[in-house]
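Asks: requesting a structural model of the entry that follows:
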Amino acid sequence: MSEELTIPSVNQSEEANKALENARIAHQKYLIKQQIEDIDRAILYYVDAIKFNPKLAEAYYRLASLMWEKGQISVESAIEQCKTAITLEPENVNAHIYTGYFYSLANDYINAEKEFKIAISKHTENSARPRLFLSSLIQKRMEIEGKTLSGMMKYLYYFLTGSVLFMSDLPALKMMYKSIADNFSVISYKTIGATLEKIRMFPTAFNTYSMGMKKTEHGDIFYKKLGDLSLECNDVVSSLEYYKNALKTTPDNREILIKLATIMQTYFPEEIDTIIDYYNRLLEFGIDNGKIYYELGHLYLRRNDKINSISAFKLALGEEPCNPYYNNSLAYALVRAELFDDAIEYYQNAIKLNPDPSWTSIVCHALGALYGEVKGNFEAAEATFQAGLVLDSNNYELLLSLGDLFMAQGNLDKAIKTYCDGITLNPDNFLAYAKAGLALWEKDYIEEALVSLHKAVDLNPDFEVAHNNLGVVYLDGIGDAGESINHFMRAIEINPNYTLAYFNVGRAYQAMDEKASSAEYYQMALDLNQVTQELDNHDIKERLHRLFE
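Replies: The predicted structure follows:
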């Protein structure tokens with residue numbers, strides 16, 4: 001049972017014609033400017049036109065072309081809509097042209113040729129477009145099925161006659177003229193603006209681009225220009241807004257997406273979700289996906305999203321398996337997820353690839369720390385640290401970590417020597433002196449420990465650990481409780497949550513037999529330790545109780 005189309009009222013016909021005219025204007029602007037807002041507007045108007053008057057053939061085939069271009073319908077659906085237009089107006093040349101075009105996209109050459117020929121026969125004098133379409137179809141068919149003499153002759157005939165007739169095709173010429181005029185206007189404003197930029201007349205250049213956008217309505221071009229200029233003038237907020245507007249006009253503009261992602265990541269790093277969204281949209285282009293996954297991996301890490309960070313780095317490695325930086329980042333993400341054995345494998349890969357000795361030395365540092373601190377494999381840790389120092393003998397942090405490793409093993413002589421190597425390497429850095437001072441104290445080299453620790457606090461007066469350790473040497477090595485309290489109190493002044501320093505003040509007052517003060521600081525250490533968990537609560541309580549036995 002067929003369904004009859006309702007005959008529209010006079011008011012509906014007027015509304016339909018108004019919607020169709022608005023659709024034509026938006027469609028024409030889209031063909032010239034290629035801005036997404038115009039295609040969206042045209043689609044809505046064509047839909048409205050059909051709602052008001054379902055018998056408007058033009059609305060069906062034009063709507064089909066725009067919806068197909070946006071990926072909203074398939075070629076087959078587009079063909080069906082064009083057939084509806086032909087049913088409504090069998091003599092409509094454009095309906096046959098559009099139908100033939102979609103048949104050619106579906107590789108249905110027979111029906112496509114049939115529709116183009118019908119269009120030619122319906123309007124012989126104004127048949128440039130169907131002739132050129134048909135010549136293109138014949139050429140495409142010969143590329144697949146093979147060239148023939150008759151095929152070449154047909155191709156040449158339709159191409160040449162179409163080219164000649166094109167000069168009398170008024171709608172096509174009108175569109176071409178508008179396109180040329182539009183392009184000339186855009187080029188003029190761009191050229192003048194660029195010239196003004198070169199001579200540093202930024203305000204005038206800004207006004208030129210603003211006027212160009214207003215006159216030509218090419219937001220995709222001039223919003224971007226305004227964004228670039230704002231960025232050049234360090235107006236980051238304005239540049240961001242212009243780029244966002246540019247993206248609204250052309251959502252598939254990769255260059256603008258890159259600019260937005262870069263600006264957000266540089267100036268607004270806290271907007272992690274927005275930055276991730278920009279990078280995910282960039283993935284759709286299929287260009288430099290390895291780099292994009294790599295950036296996404298770090299963004300997920302900042303969001304503490306361990307699973308997605310690992311996944312992103314693995315996808316980056318899928319694009320470039322031999323990229324040392326991707327291997328290293330994946331290893332780090334795996335460490336964050338406590339997948340240590342897997343992390344070791346990727347750290348080793350990064351080290352083998354060794355793009356730069358200094359960088360690889362840093363990776364050796366990370367892997368050595370993993371071996372020593374997590375796996376408890378001191379031998380592997382030492383070997384890895386030593387390998388890193390071979391690659392970069394100036395890696396100060398790595399040298400200190402090697403010293404820490406010797407300290408953890410109780411090998412004080414090697415630890416002291418390594419820390420002294422660090423002092424030789426960087427005599428103005430406090431850290432090696434502080435670590436050497438502790439190792440010397442453990443070795444009972446009291447005077448040497450004092451010298452080293454004093455040097456550490458001279459270089460960095462705000463290093464609370466060195467002050468605390470200096471206090472310990474004065475208290476337990478020299479027996480000078482009063483001097484030790486000065487250093488413990490300085491450590492507390494620097495770090496009010498330093499539980500061990502409070503505990504040590506309590507010990508110093510206890511040594512001076514000032515029980516009330518000692519009890520006060522032991523109690524403070526006990527209270528603070530509930531939060532910091534630095535010390536053994538039982539030990540603090542025992543000392544507190546012994547004061548009054």
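
Asks: okay, domains of the protein per the record?
Replies: In the assignment given by automatic domain parsing, the structural domains of the chain cover 10-174, 461-549.

Asks: which stretch in those has the least confidence?
Replies: Per-segment confidence across these bottoms out at domain 10-174, which has a mean of 79 in mean pLDDT.

Asks: helices of the stretch 151-300 of the chain, start to end?
Replies: When secondary structure is read from DSSP state H, counting those that start in this stretch, the stretch 151-300 of the chain shows helices at 170-198, 202-216, 219-232, 236-249, 254-267, 272-283, 289-302.

Asks: so which of the ones you listed is nearest Asp342?
Replies: Nearest to Asp342 among these is helix 289-302 (14.8 Å), distances taken as Cβ to Cβ. For glycine as for every other residue, the C-beta is placed from the backbone atoms N, C-alpha and C.

Asks: other SSEs contacting whichever helix or strand comes after the closest one?
Replies: Counting by DSSP states H and E, the next helix or strand C-terminal to helix 289-302 is helix 306-319. When contacts are defined as 3 or more Cβ pairs under 8 Å, 6 or more residues apart in numbering; DSSP states H and E, helix 306-319 packs onto helix 289-302, helix 324-336.

Asks: make JSON lines out of the domains of the chain and add distance to Asn394 and mean neighbour count.
Replies: JSON lines is the format used below for these (distance: least, Cβ to Cβ, whole Å; neighbours: other Cβ atoms under 10 Å):
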{"stretch": "domain 10-174", "distance to Asn394": "54", "mean neighbour count": "18"}
{"stretch": "domain 461-549", "distance to Asn394": "23", "mean neighbour count": "18"}
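
Asks: make JSON lines out of those domains and add distance to Leu450.
Replies: Formatted as JSON lines, the entries for those read as follows, by distance: least, Cβ to Cβ, whole Å:
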{"stretch": "domain 10-174", "distance to Leu450": "73"}
{"stretch": "domain 461-549", "distance to Leu450": "6"}
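
Asks: and Ile199, which of the ones you listed is closest to it?
Replies: In this view, those are compared for proximity to Ile199 by Cβ to Cβ, and domain 10-174 is the closest at 29.2 Å.

Asks: show me what contacts the most centrally placed residue in the chain?
Replies: Among the residues of the chain, the smallest C-alpha distance to the mean C-alpha position (Cα atoms, centre = their mean) belongs to Tyr279, namely 4.2 Å. The neighbourhood of Tyr279, defined by Cβ atoms under 8 Å, 6 or more residues apart in numbering, consists of 261, 292, 295-296, 299.

Asks: now, which of these sits nearest Tyr521?
Replies: For these, the residue nearest Tyr521 by Cβ to Cβ is Leu299; the value is 45.6 Å.

Asks: just give the number of residues close to that closest one.
Replies: 21 (other Cβ atoms under 10 Å).

Asks: what's the closest non-adjacent residue to Tyr60?
Replies: Once flanking residues are discounted, Tyr60 sits nearest to Ala85: 4.0 Å by Cβ to Cβ, 6 or more residues apart in numbering.

Asks: over to Glu255?
Replies: Nearest non-adjacent residue to Glu255 (Cβ to Cβ, 6+ apart): Lys224, at 7.6 Å.

Asks: contacts only, for Ala439.
Replies: Taking Cβ under 8 Å, 6+ apart as the contact definition, Ala439 lies against 403, 407, 412, 415-416, 419.

Asks: format these as JSON lines; extra columns: distance to Leu500 and secondary structure.
Replies: Supplementary listing: those in JSON lines, determined by distance: Cβ to Cβ, whole Å; DSSP: H, G, I helix; E, B strand; the rest coil:
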{"residue": "Gly403", "distance to Leu500": "21", "secondary structure": "helix"}
{"residue": "Met407", "distance to Leu500": "17", "secondary structure": "helix"}
{"residue": "Leu412", "distance to Leu500": "21", "secondary structure": "helix"}
{"residue": "Ala415", "distance to Leu500": "21", "secondary structure": "helix"}
{"residue": "Ile416", "distance to Leu500": "23", "secondary structure": "helix"}
{"residue": "Tyr419", "distance to Leu500": "21", "secondary structure": "helix"}
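
Asks: by neighbour count, which of those wins?
Replies: Tyr419 (28 neighbours).

Asks: can you get me a residue count around the closest residue to it other than its chain neighbours?
Replies: By the measure of Cβ to Cβ, 6+ apart, the closest residue to Tyr419 outside its immediate chain neighbours is Ala436, 3.7 Å from it. Taking other Cβ under 10 Å as the criterion, the count of residues near Ala436 is 29.

Asks: pretty sure Ala436 sits against Asp421.
Replies: No: at 9.9 Å, Ala436 and Asp421 do not qualify as touching, with contact defined as Cβ atoms under 8 Å.

Asks: what about stretch 249-259, start to end distance?
Replies: End-to-end distance of stretch 249-259: 15 Å, with Cα to Cα, to the nearest Å as the criterion.

Asks: and Tyr371, how many residues sit next to it?
Replies: A count of nearby residues for Tyr371, using other Cβ under 10 Å, gives 22.

Asks: er, Lys375 I mean
Replies: Per other Cβ under 10 Å, the neighbour tally for Lys375 reads 13.

Asks: ok, now Ser329?
Replies: As a burial measure, Ser329 scores 23 neighbours (other Cβ under 10 Å).

Asks: what's near enough to touch it?
Replies: Shown here is Ser329, whose contacts under the criterion Cβ under 8 Å, 6+ apart are 294, 297-298, 313, 316.

Asks: then Ile351?
Replies: Applying Cβ under 8 Å, 6+ apart to Ile351 gives the contacts 360, 363-364, 367, 387.

Asks: can you tell me how far Leu134 is from Ser121?
Replies: For Leu134, the distance to Ser121 under the criterion Cβ to Cβ, to the nearest Å works out to 12 Å.

Asks: again with Pro427
Replies: Pro427 sits 94 Å away from Ser121, taking Cβ to Cβ as the criterion.

Asks: ok, now Ala366?
Replies: Counting by Cβ to Cβ, the gap from Ala366 to Ser121 is 76 Å.

Asks: ok, for Thr99, nearest residue in space, not its chain neighbours?
Replies: Closest residue to Thr99 apart from its sequence neighbours, by Cβ to Cβ, 6+ apart: Cys82 at 3.9 Å.

Asks: how about Phe548?
Replies: Lys515 (7.0 Å).

Asks: go ahead and confirm the one you found touches Arg546.
Replies: No: assessed by Cβ under 8 Å, Lys515 is found out of contact with Arg546, at 10.0 Å.

Asks: which of the helices or strands spans the closest residue to Tyr155 other than its chain neighbours?
Replies: Closest residue to Tyr155 in three dimensions, ignoring its sequence neighbours and counting by Cβ to Cβ, 6+ apart: Ile138, at 4.4 Å. Here Ile138 sits within helix 128-145, counting by DSSP H and E.
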